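**Q** Model the following, please.
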Amino acid sequence: MSKTKFRGLLFLIFLFNSALSIASEEGLAAYYSDVFQGKKTASGELYDRNGLTAAHKTLAFGTRVKVTDLGNDKSVTVTITDRGPYSKKRIIDLSYAAAEEIDLINAGISRVRIEILNSASANNE
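**A** Just a heads-up that it's a prediction; the model follows:
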């Protein structure tokens, strides 16, 4: 195999691995306190504890993600409408309703996997 083909193959492997790491992520999740009810989110929408929404540090607003609690295998689909969480230990903060769907309310925090279902345009931000 030529050096150029080998480099091309390595580049494709790198791209494939990068795409996989972006498509899903595992870490801790928590949910919004009720003090945020009706307050403006980073996207400009008002937070509604009864909506299926979430905050993520980097995903574009409008991106829909499936959140699965790794402890009980329950999942919920949410739309990213806010920035956060601001704790370095967590990867996502869920609305109250979304947390309720996966039985996160009593635990308060849980290990989850998030999977991108659609990627909203970066122009939405």
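
**Q** Which secondary structure state does residue 99 sit in?
**A** helix (DSSP: H, G, I helix; E, B strand; the rest coil).

**Q** Count the neighbours of the residue nearest to it when sequence neighbours are not counted for me.
**A** Residue nearest to residue 99 in three dimensions, not counting chain neighbours: residue 31, with 3.6 Å by Cβ to Cβ, 6 or more residues apart in numbering. All C-beta atoms are positioned from the backbone trio N, CA, C, and that covers glycine. Neighbour count for residue 31, taken as other Cβ atoms under 10 Å: 25.

**Q** So that it lines up with my notes, have the first residue be 440 from now on.
**A** OK, 440 is where the count begins now, so the last one is residue 470.

**Q** quick one: contacts for residue 470?
**A** 532-535, 537-538, 543-544, 547 (Cβ atoms under 8 Å, 6 or more residues apart in numbering).

**Q** mind running it again at 10 Å?
**A** By Cβ atoms under 10 Å, 6 or more residues apart in numbering, residue 470 lies in contact with 488, 493-494, 524, 531-539, 541, 543-544, 546-549.
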